[in-house]
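In: Curious how this folds, go ahead:
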Amino acid sequence: MLLQSGRAAKNKLASLNRTRTSAILVQGLAAALLVLASWYFVANAARNLLALGVSGGFGFLTREAGFEIGETTLLSYSAADTYWKALVVGLLNTLRVAALAMLFSTLAGALVGSARLSRNWLLGHVAALYVEVIRNVPLVVQLFFWYAVITESLPAPANSLSPIQGVFLSNRGMAFPVLVSLLPFELEYPRFSGFNFAGGGSLSPEFTALLLGLSLYTAAFIAEIFRAGFLSVDRGQSEAGYSLGLSQRQVKRFIIAPQALRLIVPPMTSQFLNCTKNSSLAVAIGFPDLVSIANTTINQTGQAIEGFLIIMAVYLTISLAISGFMNWYNRRFALRGAAA
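Out: Have a look, this model is predicted:
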């Protein structure tokens, strides 16, 4: 009996070793095929570029760009600067609109998600209609819509709308006051000069349309994440809070929200990543983000492979950074929840 058990164990071990060996061989073969395919495409591209008289590499980044960029809020730039600096300007524009869109979409999504859970029939159905309409209309169509609303429906700067004192809306975008001094507190207000506003801060029609479209679109998905997170908390938790004399607001804040947040954060990471990647649609309405400037660079230099490698590397880095931060936050919150 012991002899049979020993033979069975040896046979099982031998079978396991054969399986592992086969798996290693298959993976090695797949890796070799991938390397060969990569080498073939790279070599073929190099030959084609050489035939066209285009040299490979990233040396073109140090050459003069020769084109202007309309949005240079975070970094000064002129046509005499290099392609490298032009791409940095595009990257900063992408980060600016993506960061603001993530902030506004989170706030709007939380409000809409709460509205969907409201006992008010009208409020709940209006929020549901917003979610269904926004989620089922392509984002690029919404960007075109908001751009047309701003440039075609709003008046010229001379007849601009002023919903709030110091804030002006026109087909040139939005002008608003900015803080210039804290001691003493001082604001610089925009003033009409010539054909547009001078002083204060301003947002171009392209940036405004992109920010509005991205924020509202992402907010519709975030609203459903918030709603699902709150509904996932067992009803007994709420009933226990009411039995202790807590109000509905206190129950949501101190009992439901902390438990729901642990379920909300992971899918929120995906929405933040989508929001950042969707910002590349800015090229459709003429906003000079990274993709738009990289396309201009490719058209002028012919360095298509290098240009697209730069785009992929930048978006991969941004995505990994956002994912890493959200995972860190989720682990930190989960540990606090477990300790509590």
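
In: and Ile293, what is it in contact with?
Out: 69, 86-87, 89-90 (CB atoms under 8 Å, 6 or more residues apart in numbering). In this view, the C-beta of every residue, glycine as well, is placed from N, C-alpha and C.

In: Spatially, which two of those are the most separated?
Out: Ile69 and Leu87 (10.4 Å; CB to CB).

In: Run a quick neighbour tally on Trp84.
Out: By the criterion of other CB atoms under 10 Å, Trp84 has 16 neighbours.

In: which residues sit in contact with it?
Out: 61-62.

In: Need the pLDDT of it.
Out: Trp84 carries a pLDDT value of 94.

In: element containing it?
Out: helix 83-116 (DSSP states H and E).

In: Quick check: buried residues in that helix?
Out: Residues 83-98, 101-102, 104-106, 108-110, 112-116 are the ones in helix 83-116 that count as buried (16 or more other CB atoms under 10 Å).

In: After that helix, heading C-terminal, what element do we hit next?
Out: helix 121-135.

In: counting contacts, what elements does that following helix pack onto?
Out: For helix 121-135, the packing partners by 3 or more CB pairs under 8 Å, 6 or more residues apart in numbering; DSSP states H and E come out as helix 83-116, helix 205-231.

In: Could I get the average pLDDT for that helix?
Out: Rounded mean pLDDT across helix 121-135 is 94.

In: the inter-axis angle of it versus helix 205-231?
Out: 120 degrees (axes from the mean of the first three to the mean of the last three CA atoms, to 10 degrees).

In: Would you agree Ser160 is in contact with Phe168?
Out: Yes - contact status for Ser160 versus Phe168: in contact at 4.3 Å, counting by CB atoms under 8 Å.

In: any common contacting residues for those two?
Out: With CB under 8 Å, 6+ apart, Ser160 and Phe168 have common neighbours 175, 192, 197.

In: Report the buried members of these.
Out: Buried, going by 16+ other CB under 10 Å: 175, 197, out of the shared contacts of Ser160 and Phe168.

In: Below-threshold pLDDT in the stretch 51-200 of the chain: ranges please.
Out: 52-56 (pLDDT under 70).

In: and Ser181, backbone torsions?
Out: phi -160, psi 140 (degrees, to the nearest 10).

In: Against Phe104, how distant is Thr151?
Out: Between Thr151 and Phe104 the distance is 21 Å, computed by CB to CB, to the nearest Å.

In: Next: Ile69.
Out: 24 Å.

In: Just the strands from this structure, written as ranges.
Out: 161-164, 167-170, 173-176, 178-182, 185-188, 191-193, 196-198, 201-203 (DSSP state E).

In: Closest one to Leu290 out of the shared contacts of Ser160 and Phe168, please.
Out: Ala175 (26.1 Å).

In: Neighbours of the residue nearest to Ser105 when sequence neighbours are not counted, how many?
Out: Once flanking residues are discounted, Ser105 sits nearest to Thr218: 3.7 Å by CB to CB, 6 or more residues apart in numbering. Each residue near Thr218 was counted by other CB under 10 Å, and the total is 25.

In: pLDDT score for Thr218?
Out: 96.

In: my read: it touches Thr276, true?
Out: No - applying CB under 8 Å as the test, Thr218 and Thr276 come out as separate, 9.9 Å apart.

In: Spit out the residues that contact the two alike.
Out: Contacts common to Thr218 and Thr276, judged by CB under 8 Å, 6+ apart, are Met102.

In: Can you tell me how far Met102 is from Phe287?
Out: Counting by CB to CB - Met102 and Phe287 are separated by 17 Å.

In: Same check on Ala209?
Out: Counting by CB to CB - Ala209 and Phe287 are separated by 8 Å.

In: Ok, Gly90 next?
Out: 10 Å.

In: and the angle for the helix holding Trp84 with helix 121-135?
Out: Using the same axes, to 10 degrees: helix 83-116 against helix 121-135 is 150 degrees.

In: Just give me how far helix 83-116 sits from the chain centre.
Out: Here helix 83-116 shows a centroid-to-chain-centroid distance of 6 Å under the convention CA atoms, centre = their mean, to the nearest Å.

In: Could I get the strands of the chain in CSV, plus columns for distance to Ser243?
Out: Shown next, in CSV, are the strands of the chain (distance: least, CB to CB, whole Å):
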stretch, distance to Ser243
strand 161-164, 45
strand 167-170, 48
strand 173-176, 49
strand 178-182, 49
strand 185-188, 49
strand 191-193, 60
strand 196-198, 58
strand 201-203, 50
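
In: so of those strands, which one's packed in deepest?
Out: Greatest average neighbour count among the strands of the chain goes to strand 173-176 (a mean of 22), per mean count of other CB atoms under 10 Å.

In: So which of the helices and strands packed on helix 121-135 is nearest Asn295?
Out: Nearest to Asn295, of the helices and strands packed on helix 121-135 and by CB to CB, is helix 83-116 at 9.8 Å.

In: Pull the contacting residues for Gly70.
Out: 204, 206, 288.

In: swap in Ser270?
Out: Ser270 neighbours (CB under 8 Å, 6+ apart): none.
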